[in-house]
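A.B. asks: here's my sequence, what's the structure:
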Amino acid sequence: MNYKLEKYTGKTYMAPSGTLYTPERIKQDFEAIDVFPHVIQTDSSGEMCWGVYKLSALRDQHDIPAELSEDEAIAALETILNTPQPVDTTPSAEERIAAALEYQNLINL
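C.D. replies: This next block holds a predicted model:
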């Protein structure tokens, strides 16, 4: 899933359950939304609300510099969140033990 973040501006969204998140409903559930900048995790069309997050908290979690504007910070967050995580190819302890036992069995044939 691609992350798309947009600054909350009082728009109406749809919840995954089909419920409408009107500005009044969002303010009811997230009282601080008008006090601090928040971002909405949404779909590519900007209609679905997957999550509501305080922008400064996301900046702190992902080490986004304070000198970036809100729009630049949101773009940087999208880049970070959409960058695939490296896959760890190191075999687990169980896999190493299984390989050693397999090797032992082959030698004993």
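
A.B. asks: what stretches of this structure score poorly on pLDDT?
C.D. replies: 1 (pLDDT under 70).

A.B. asks: and the strands in this structure?
C.D. replies: Per DSSP state E, the chain carries strands over the ranges 4-7, 13-14, 20-21, 38-42, 49-54.

A.B. asks: deepest-packed of those, please.
C.D. replies: Most buried of the strands of the chain by mean neighbour count (mean count of other Cβ atoms under 10 Å) is strand 38-42; its value is a mean of 20. Quick note: C-beta positions are derived from backbone N, CA and C, even for glycine.

A.B. asks: between strand 49-54 and that one, find me the angle.
C.D. replies: When axes from the mean of the first three to the mean of the last three Cα atoms, to 10 degrees is applied, the directions of strand 38-42 and strand 49-54 differ by 160 degrees.

A.B. asks: from here on, count from 577
C.D. replies: Yes, from this point I'll number from 577; that puts the last item at strand 614-618.

A.B. asks: pairing partners for strand 614-618, with directions?
C.D. replies: Take DSSP bridges as the rule and strand 614-618 pairs in its sheet with strand 580-583 (antiparallel), strand 625-630 (antiparallel).

A.B. asks: on that earlier part again, adding distance to Glu646, write the strands of the chain out as CSV.
C.D. replies: As requested, the strands of the chain are exported to CSV (distance: least, Cβ to Cβ, whole Å):
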stretch, distance to Glu646
strand 580-583, 6
strand 589-590, 19
strand 596-597, 21
strand 614-618, 9
strand 625-630, 12
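
A.B. asks: got the strands paired with strand 614-618 as CSV, with distance to Gln604 columns?
C.D. replies: Formatted as CSV, those follow (distance: least, Cβ to Cβ, whole Å):
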stretch, distance to Gln604
strand 580-583, 20
strand 625-630, 12
